[in-house]
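Enquirer: would you be able to build a 3D model of this:
(one chain, ligands or ions: 1)
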Amino acid sequence: AGCPQWVPQPDVAARARELGERFERAYGRAPAGVWAAPGRANLMGEYIDFSGGMCLPFAHQYVTLTAAAPRTDGVLRALSLQDADESVADHRLRETRVAQIAPGGISGWFGYAAGVAWGMNRVAAGASAHPVAVPELTLPAEFGADLMVDSTVPIGAGLASSAALECSVALALHSLHTGEDDPDDAHRRALARACMDAENYIVGANTGGLDQTASLRSHAGEMIALDCRDFDATHLPADPSAAGLTWLAVDTRAPHRLADGQYSSRRDECEAAAAVLGVARLRDALPEHPTEDDAATVLEHFDALVSSGAALRGNPEGVRLRLRHSLTEMVRSVRIADQLSSPDPDWSLVGRLLVAGHESMRRDCQVTVPELDAAVTACLDAGALGAKVVGGGFGGSVIALAPADDVEALAASVCGSFAEHGFRDPLFLTLIPSPAGRRVR
Ligand code: GAF
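Expert: Okay, here's the model as predicted:
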């Protein structure tokens, strides 16, 4: 089909209707409803959610849908329209007893879905890191459900398809269980924690909660200034269209995986740096409204501690680089949030901060790949105000702040650059800051 190719806007109503019909054919009864939850982009604050930093995500318009009907025998069954592994064609129906869901027990995509039921019970019981027990989330022993999921979020593109899956299942289960279709923010926060617990313990990816929070707590047209110390969310305008700009994503289609140890080792190194500095998490090493000077001071303090013999876990050079990334990223988030809080944001400054964020992800966090770096360069060469990798890296997507009238030309020139490098053709999406997950049918 040639390059550039655009990922079509999702027709959520049509997908929900079709999913309901397929559910009925598969399970022999109609679903009680269909729930949808979006993936996210993140303007700044990569690899600092688990360190208590500020992240700036927004939910985009691509959602994962879950059709669901209740059962009363404690059994959870699920089908995915994206489960295309032909070798298990006859075994695509995944099934478990809710009471048997446990760390290490469930493989593949079903871990993300089933893990949510486990996470809800954990948050309900107060066993989670969620600050308060939320007893209403308890699923009774006989609770079960039939599920069918369908994703419009590109999978493995760094746009949070995993969180979209978890969060749409969470909204479905919560609604089947409580009758509540539009949970308040306190319950959305608790459900986001249940989804994090699913990912951390059942899937085994030690991620930090950015994605689930964006999926469940975003507002249309806005991004979240998310303080990951306590997951307090402030909503700020994030629609650059009045300035003639748009958010463009380039999905590099370079393979992307988080559960393979790289993500986890970055997190370990951040924790090792915090231990040297004597703080519980890196955010605590900086003042309330951190500046570049504050970041430099903490880095010098770290160097002084290390050269005077402070014990350091892991590779010293890696730990120092992760520290520098974390501190400067925390400052960049605050600076972008300051701009977007103002009535007249300086978008070219925002763009420069995005580029600095990417450079830090490349040089200090070391999570980019040649396709990501080339996509950023090509976007900038073609007139974008800024561009950076979005999410966990190691493949996935770049988000660019681009002149709205020029996206076709910009995409064409990224295609040209990818062809010159001999990379696979990328895909393009325009991302619209969109509302959080909700019932759609
Ligand atoms: C992934 C993780 F899931 C998030 O928690 C976050 O750390 C992100 O990578 C990097 O900012 O999406």
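
Enquirer: how about low-confidence regions in the protein?
Expert: Low-confidence segments of the chain, defined by pLDDT under 70: 1, 84-91, 256-259.

Enquirer: for it, which residues are neighbours of the ligand?
Expert: Contact residues, the chain versus the ligand (CB under 6 Å from any ligand atom): 42, 46-47, 49, 207-211, 258, 391-392. All C-beta atoms are positioned from the backbone trio N, CA, C, and that covers glycine.

Enquirer: how does it look with 5 Å?
Expert: Residues of the chain lying close to the ligand (CB under 5 Å from any ligand atom) are 46-47, 49, 207-208, 210-211, 391-392.

Enquirer: farthest-apart pair in those, please.
Expert: Spatial extent of the residues of the chain next to the ligand (CB to CB) is set by the pair Tyr47 and Asp211 at 12.6 Å.

Enquirer: looking at the two, which is more packed in?
Expert: Using other CB atoms under 10 Å as the criterion, Tyr47 and Asp211 rank with Asp211 on top: 30 against 27.

Enquirer: dump the residue contacts of the more buried one.
Expert: By CB atoms under 8 Å, 6 or more residues apart in numbering, the contact set of Asp211 is 39-40, 57, 160, 162-163, 391.

Enquirer: among those, which ones are in helices?
Expert: 162-163 (DSSP state H).

Enquirer: kindly indicate which of the contacts of Asp211 lies nearest the ligand.
Expert: Among these, Gly391 lies closest to the ligand (CB to the nearest ligand atom), at 4.0 Å.

Enquirer: residues near that closest one, how many?
Expert: Gly391, neighbours per other CB under 10 Å, totals 27.

Enquirer: touching, it and Glu46? I think so.
Expert: Yes: using CB atoms under 8 Å, Gly391 is in contact with Glu46, at 7.0 Å.

Enquirer: which residues in the stretch 201-350 of the chain form helices?
Expert: Under the criterion DSSP state H, counting those that start in this stretch, the stretch 201-350 of the chain contains helices at 210-217, 262-277, 292-307, 316-341, 347-360.

Enquirer: report all helices and strands that the second one contacts.
Expert: Meaning helix 262-277. helix 292-307, helix 316-341 (3 or more CB pairs under 8 Å, 6 or more residues apart in numbering; DSSP states H and E).

Enquirer: so what secondary structure elements neighbour the first one?
Expert: So that's helix 292-307. Using 3+ CB pairs under 8 Å, 6+ apart: helix 292-307 touches helix 262-277, helix 316-341.

Enquirer: can you mark which positions in it are buried?
Expert: For helix 292-307, a neighbour-count test (16 or more other CB atoms under 10 Å) marks 294-295, 297-299, 302, 306 as buried.

Enquirer: and the last one, by the same measure?
Expert: Using 16+ other CB under 10 Å as the burial criterion, the residues of helix 316-341 that qualify are 318-337, 340.

Enquirer: by contact count, what packs against it?
Expert: So helix 316-341, by 3+ CB pairs under 8 Å, 6+ apart, packs with strand 54-55, strand 222-227, strand 232-237, helix 262-277, helix 292-307, helix 347-360.

Enquirer: what angle separates it from strand 222-227?
Expert: For helix 316-341 against strand 222-227, the angle by axes from the mean of the first three to the mean of the last three CA atoms, to 10 degrees is 130 degrees.

Enquirer: distance to Ser397 added to the helices and strands packed on helix 262-277, as JSON lines?
Expert: Converted to JSON lines, those look like this (distance: least, CB to CB, whole Å):
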{"stretch": "helix 292-307", "distance to Ser397": "27"}
{"stretch": "helix 316-341", "distance to Ser397": "18"}
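
Enquirer: nearest to Val12, of the ones you listed?
Expert: With distances scored as CB to CB, the stretch of these nearest to Val12 is helix 316-341 (26.8 Å).

Enquirer: which residues does Phe58 contact?
Expert: By CB under 8 Å, 6+ apart, Phe58 lies in contact with 40-43, 214, 218, 222-224, 238, 431, 433-434.

Enquirer: for those, which one is nearest the ligand?
Expert: Closest to the ligand, out of all of these and judged by CB to the nearest ligand atom, is Asn42, at 5.9 Å.

Enquirer: pretty sure the closest one sits against Ala214.
Expert: Yes: using CB under 8 Å, Asn42 is in contact with Ala214, at 7.5 Å.

Enquirer: closest point of the stretch 101-250 of the chain to the ligand, which residue?
Expert: For the stretch 101-250 of the chain, CB to the nearest ligand atom, closest residue to the ligand: Thr207, 3.2 Å.

Enquirer: likewise the stretch 1-150 of the chain?
Expert: Glu46 (3.6 Å).
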